[in-house]
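> here you go, sequence then predicted model.
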Amino acid sequence: MSHQATESLYDEIFLDYENNYHNNAGLRAFVREAASKLPPHAQVLDVGCGTGRPIAETLCAAELDVTGIDLSTEMVELCRKRFPTGTFIKADMTKYQPEPQQKFDAIFAVLSLFHVSHRECYSMLFKFSEWLRKDGFLFITTIYSQDLVERGARPDSSGIIDLADVQFMSRNVPLTALSGEKWSNYLTAAGFVDMQATRYDFQPADPTLKVAHHHFITVKKGDSHPLMGPYPYPDKVRGPYSINKAAYKSFLGKLNDAESKALADVLKKNTNVLKIDPTTSNESFLFGPKEKLSYPDNHFDCVVVAWALDGLDNLEEPLREIARVTNSASPNAKIVIIQAAPDNDLLKQVNVVCPGVAEKANNKAPMHHGLILHRAAEALKTNGFANIELTRIADSACRFAERDLAARSQSAANLFAKMYYADEEDVQSMQAVLAPGMDSILKETPNDIGTQAVMLVATPSRAA
């Protein structure tokens, strides 16, 4: 079901939905207990606020600062009338962005993550972590995938139901659900800690509707930055490799302008910029770990390193060189590093299938750009660029224009296998195992493979 179809569904059934589900004693108790954990007047986001009962109702009664978002126009209007102290916004959770610098003390996602795909659900957990203050809470109400078998759905071998038709409100509706183990894994990946989960069986008001096996999950945002995830870090990551320059240039030609716009905004005040990416040298990378940049000290007011650090075994010396040629005395001095986000669709697929068929020992481990960003930040701090900010480039994507889905999927698989595994003799095997994953993504986003990115901006640590 598309997000537009979900909006139409709830615009149609919102009162019937409320009549059946608002009188949920277990959910009311969960929300009251959650509110008791928060400071007075805490800022709270209710994702998929529905008609406001009982979540926004309980939170507003506790005099918390409530923001609610929902796809349904009818539900948002009802919330605005019922709870004038809250702020209610018609918004798609996958596109929503809080106000700049806005952070929440808690986020509630109560029976709302059903209506996004598995891919989007995973991504939303990282976004929730980004939107929370340190030690903020995430409160989730969901139904585990195994509890939907009685409604006609079947989890896959990893415990996932991905937008399969499920009986809901006396109709078949595509829903997504995870096993309890998957929830634990995904929440840990996004930097959450201290997971607690309880179950409550609820009978809707209409006795012909099935009992809902609700699971109430509470987690806390940990110390780790979500954009340096997923966590925990693997014991071994892929070592140095060469990117195929021709494939990489083809990749750049298919990228949309999300990354270039984000970078242009960051560089507005810079006048002398060095840009490093895998195309800037006759070799795969501009420099090796023991090589020097051919520029004098303090030559640039900014250095941009885009998608180049994952090919290096040692980051300390290259980043020392980058810091050396960056004039930290410039008022606009900065070092910018761009790598993949933890929910990058392309990298997730590559890591799932390619290490298992790789022949070279170096290629048998996954790539982990979050770990690269973590190591880069530590290296930059030791070289005088200690102020680190990370921002998401959420809409970056690589577009494939072939008319046929199979042709688009194979084209994407061919490109990415050549780009990342040029040193493998049997690139065709890489292409073959990548194609089904590309097909899965392109069924959901018909022409785009997500290349979601993180931009790390490091500025000098100046004396007060």
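Nice, I can see it.

> any regions of the stretch 151-300 of the chain where pLDDT drops low?
Scanning the stretch 151-300 of the chain for pLDDT under 70 picks out 281-291.

> quick one: the helices in it?
Here the stretch 151-300 of the chain has its helices, by DSSP state H, counting those that start in this stretch, at 180-189, 245-254, 258-266.

> middle-most residue in the protein, spatially?
residue 123 (3.2 Å; CA atoms, centre = their mean).

> which non-adjacent residue is nearest residue 328?
Distances taken as CB to CB, 6 or more residues apart in numbering place residue 460 nearest to residue 328, at 4.1 Å, with adjacent residues excluded. Bear in mind the C-beta positions are built from the backbone N, C-alpha and C, glycine included.

> what do you get for residue 222?
Per CB to CB, 6+ apart, closest to residue 222 is residue 193, 4.1 Å.

> and what of residue 301?
residue 330 (4.1 Å).

> buried deepest among the helices of the stretch 151-300 of the chain, which one?
helix 180-189 (a mean of 18; mean count of other CB atoms under 10 Å).

> other SSEs contacting it?
Here helix 180-189 touches helix 118-131, strand 132-142, strand 192-202, strand 212-221, going by 3 or more CB pairs under 8 Å, 6 or more residues apart in numbering; DSSP states H and E.

> let's see that with 10 Å instead.
Packing partners of helix 180-189 (3 or more CB pairs under 10 Å, 6 or more residues apart in numbering; DSSP states H and E): helix 118-131, strand 132-142, strand 171-178, strand 192-202, strand 212-221.

> now for the fourth one, which elements pack on it?
On a contact count with 3+ CB pairs under 10 Å, 6+ apart, strand 192-202 meets helix 25-36, helix 118-131, strand 132-142, helix 180-189, strand 212-221.

> again, 8 Å this time
Against strand 192-202 (3+ CB pairs under 8 Å, 6+ apart) you get helix 25-36, helix 180-189, strand 212-221.

> dump the ones you listed into a markdown table; add distance to residue 241 as well.
Output for the helices and strands packed on strand 192-202, formatted as a markdown table (distance: least, CB to CB, whole Å):
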| stretch | distance to residue 241 |
| --- | --- |
| helix 25-36 | 46 |
| helix 180-189 | 24 |
| strand 212-221 | 34 |
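
> out of the ones you listed, nearest to residue 89?
Closest approach to residue 89 among these is made by helix 25-36 (19.9 Å; CB to CB).

> tilt between the closest one and strand 132-142?
170 degrees (axes from the mean of the first three to the mean of the last three CA atoms, to 10 degrees).

> ok, residue 64 to residue 132 distance?
Between residue 64 and residue 132 the computed distance is 15 Å (CB to CB, to the nearest Å).

> highest mean neighbour count out of the helices and strands packed on helix 180-189?
Stretch with highest mean neighbour count among those: helix 118-131 (a mean of 22; mean count of other CB under 10 Å).

> closest one to residue 361 among the helices and strands packed on helix 180-189?
Closest of the helices and strands packed on helix 180-189 to residue 361 is helix 118-131, at 29.4 Å (criterion: CB to CB).

> tell me which other helices or strands the closest one touches.
Counting contacts by 3+ CB pairs under 8 Å, 6+ apart, helix 118-131 is packed against strand 43-47, strand 104-110, strand 132-142, strand 160-168, strand 171-178, helix 180-189.

> would you mind giving those as a markdown table with distance to residue 403 added?
Formatted as a markdown table, these follow (distance: least, CB to CB, whole Å):
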| stretch | distance to residue 403 |
| --- | --- |
| strand 43-47 | 36 |
| strand 104-110 | 37 |
| strand 132-142 | 38 |
| strand 160-168 | 24 |
| strand 171-178 | 25 |
| helix 180-189 | 35 |
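
> among the ones you listed, which is nearest residue 377?
Using CB to CB, the nearest of the helices and strands packed on helix 118-131 to residue 377 is strand 132-142, at 16.7 Å.

> how does this protein divide up, domain by domain?
3-223, 245-459 (automatic domain parsing).

> of these, which is nearest residue 238?
Nearest to residue 238, of all the domains of the chain, is domain 245-459, at 4.8 Å by CB to CB.

> how about the contacts made by the residue nearest to residue 222?
Contacts here follow CB atoms under 8 Å, 6 or more residues apart in numbering; on that basis residue 193 touches 219-222.

> ok, now with 7 Å
Applying CB atoms under 7 Å, 6 or more residues apart in numbering to residue 193 gives the contacts 219-220, 222.

> circling back to that earlier point, okay, the residue nearest to the centre of the chain and residue 307: tell me how far apart.
Counting by CB to CB, the gap from residue 123 to residue 307 is 20 Å.

> show the backbone phi and psi for residue 237.
Main-chain dihedrals, residue 237, degrees, to the nearest 10: phi -120, psi 160.

> just the pLDDT for the residue nearest to it when sequence neighbours are not counted.
Nearest residue to residue 237 in three dimensions, chain neighbours excluded: residue 368, at 4.8 Å (CB to CB, 6+ apart). Residue 368 is assigned a pLDDT of 96 by the prediction.

> residue 368 against residue 235, yeah?
No. Counting by CB atoms under 7 Å, residue 368 does not reach residue 235; the two are 10.8 Å apart.

> who has more neighbours, these two?
residue 368 (23 against 6; other CB atoms under 10 Å).

> which ones are touching that one?
By CB under 7 Å, 6+ apart, the contact list for residue 368 reads 233-234, 237.

> of the helices and strands packed on strand 192-202, which approaches residue 110 most closely?
Of all the helices and strands packed on strand 192-202, helix 25-36 comes closest under CB to CB, at 7.0 Å.

> so what angle separates the directions of that closest one and strand 212-221?
In terms of direction (the same axes, to 10 degrees), helix 25-36 departs from strand 212-221 by 10 degrees.

> now, which of the contacts of residue 193 sits nearest residue 301?
Of all those, residue 301 sits closest to residue 222, with 35.3 Å by CB to CB.

> which residues does that closest one contact?
Contacts of residue 222 by CB under 7 Å, 6+ apart are 191-193.

> with residue 342 instead?
Under the criterion of CB under 7 Å, 6+ apart, the contact list for residue 342 reads 126, 227, 229-230, 370.

> ok so it is a strand residue?
No. Applying DSSP: H, G, I helix; E, B strand; the rest coil, one finds residue 342 to be coil, outside a strand.

> please name the nearest non-neighbouring residue to it.
Excluding the flanking residues, the one nearest residue 342 by CB to CB, 6+ apart is residue 229, at 4.3 Å.

> ok, residue 91 next?
Of all residues not flanking residue 91 in the chain, residue 69 sits nearest, at 4.2 Å (CB to CB, 6+ apart).

> burial of the one you found, as a residue count?
Here the number of neighbours of residue 69 (other CB under 10 Å) works out to 21.

> quick check, it in a strand?
Yes. Read with three-state DSSP, residue 69 is one of the residues of a strand.

> report the beta-bridge partner residues of it.
Beta-bridge partners for residue 69, by DSSP bridges, are residue 47, residue 89.

> mind listing what the residue nearest to residue 118 when sequence neighbours are not counted touches?
Leaving aside its chain neighbours, residue 118 sits nearest to residue 162 (4.1 Å; criterion: CB to CB, 6+ apart). Residue 162 makes contact with 117-118, 176, according to CB under 7 Å, 6+ apart.
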